[in-house]
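# Need coordinates for the following:
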Amino acid sequence: MTPTLIGRWQTRLFLFATIGVLVTLAFFILQIGDQPRSIYFWILGYITCFGFLWDILYIKLQKFRWDRDWPGAFQLLAGIWEALFLVTLIKMIGLPGISPSKFNLGLFIFHYSCVWTAIFITSQSLIRILFPQWRFRGGQWF
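Predicted coordinates for the structure are as follows:
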């Protein structure tokens, strides 16, 4: 199944609103680190919003591949790129809700890795099992 742009957006929103929020809620409740607890939800929000823009680029890059597919290795590279992009923005200019002076890179990497891993596993297994129609609609839910 090759996802359409709308399918990628809907899937991204669904996964971040469910799995992403659940993982981030654990960080919020457990008060991991010395950062303000809301920073984890700000990070999740920025990853989601910037991801919508990155999806446009990913769809264009997909068209250069002979099978028009986006394999798991590319998802890993995209996840690393998105993290580096967000860290650079936070460190260089800061973002609303995230102060560069209070930003802890180690906790960001831990939180981002947990969210990314949970979403990757869910997208590669649970969604395909629980929602088989998702595959035949280009990733679209509605």
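# contacts and neighbour counts: CA atoms only from here.
OK.
# for the longest helix seen in the chain, what is the average pLDDT?
For the chain, the helix that runs over the most residues, judged by DSSP state H, is helix 39-62. Across helix 39-62, pLDDT averages out at 91.
# Output the contacting helices and strands for it.
Contacting helix 39-62 under the criterion 3 or more Cα pairs under 8 Å, 6 or more residues apart in numbering; DSSP states H and E are the following elements: helix 5-15, helix 21-30, helix 72-92.
# List the buried residues for that helix?
39-41, 43-45, 47-48, 51-52, 55, 58-59, 62 (16 or more other Cα atoms under 10 Å).
# who's in contact with that helix?
4-5, 8-9, 12-13, 16, 20-21, 24, 27-28, 68-70, 82-83, 86, 97-98, 111 (Cα atoms under 8 Å, 6 or more residues apart in numbering).
# go on, stretch 99-113?
Looking at what lies outside stretch 99-113 - Cα under 8 Å, 6+ apart - the contacts are 24, 27, 32-33, 35, 40, 83, 87, 90-94.
# what about that stretch, start to end distance?
21 Å (Cα to Cα, to the nearest Å).
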